[in-house]
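Student: whatever this is, show me its structure:
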Amino acid sequence: MSDYSPSWCVLIPCFNEEKAIGEVVSSAMKLGKPVIVVDDGSEDRTAEIASEFPVVLLRHPYQLGKGEALRTGFRHALHMGLDAVVTMDGDGQHLAADIPRLAEASRLYPRAVIIGARLLGR
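Tutor: Residues are numbered from 1 along each chain as shown. Have a look, this model is predicted:
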């Protein structure tokens, strides 16, 4: 068993998620870790809603795609000096309540890429 305990954040890339982003951000904040929201050029109120929370909000001027939104967030996490990032989609399909299990797996298996499989029912 490892004593490794990385510093990490929750990264939420999003595009036109005004209906769900408030709840997603709120649930992620309950973990007590930094939250980075990358708005990928949304045309709705996504960025406005996210800005109501004490999170890092990064915005693309127009849609560049989820991959670029993730890269933007990863770069910022590195800039913040963080060791790890947990990503969750802005549409509410991932539950922040599952993240502590991912964090524990990361502690047990340092330097591994941990991928949650929500369809396995565990």
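
Student: all helices for the protein, in order.
Tutor: 21-29, 46-50, 66-79, 99-108 (DSSP state H).

Student: redo the ones you listed as TSV? Include distance to residue 89.
Tutor: Quick note: C-beta positions are derived from backbone N, CA and C, even for glycine. Shown next, in TSV, are the helices of the chain (distance: least, C-beta to C-beta, whole Å):
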stretch	distance to residue 89
helix 21-29	8
helix 46-50	12
helix 66-79	9
helix 99-108	13
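
Student: show me what the residue nearest the centre of the chain is bridged to.
Tutor: Nearest to the geometric centre of the chain sits residue 11, at 2.0 Å (C-alpha atoms, centre = their mean). Assessed by DSSP bridges, residue 11 has beta-bridge partners residue 36, residue 87.

Student: for the helices of the chain, which one sits closest to residue 90?
Tutor: Comparison of those against residue 90 by C-beta to C-beta identifies helix 21-29 as nearest, at 5.1 Å.

Student: if I take the closest one and helix 99-108, what angle do their directions form?
Tutor: 40 degrees (axes from the mean of the first three to the mean of the last three C-alpha atoms, to 10 degrees).

Student: outside of helix 21-29 itself, list whatever touches it.
Tutor: With contact meaning C-beta atoms under 8 Å, 6 or more residues apart in numbering, helix 21-29 is reached by 10, 12, 14, 17, 35, 37, 46, 49-50, 52-55, 88-92, 95-97, 99.

Student: tell me the mean pLDDT over it?
Tutor: Per-region confidence: helix 21-29 scores 98 on mean pLDDT.

Student: what's near enough to touch residue 103?
Tutor: Per C-beta under 8 Å, 6+ apart, neighbours of residue 103: 8, 86.

Student: 10 Å instead?
Tutor: 5-6, 8, 31, 33, 84, 86, 114 (C-beta atoms under 10 Å, 6 or more residues apart in numbering).

Student: and it, how far from residue 94?
Tutor: To residue 94, residue 103 is 14 Å away according to C-beta to C-beta, to the nearest Å.

Student: so, low pLDDT: which residues of this structure?
Tutor: The chain contains residues with pLDDT under 70 at 1-5, 118-122.

Student: change it to 90
Tutor: Residue ranges of the chain with pLDDT under 90: 1-6, 102-122.
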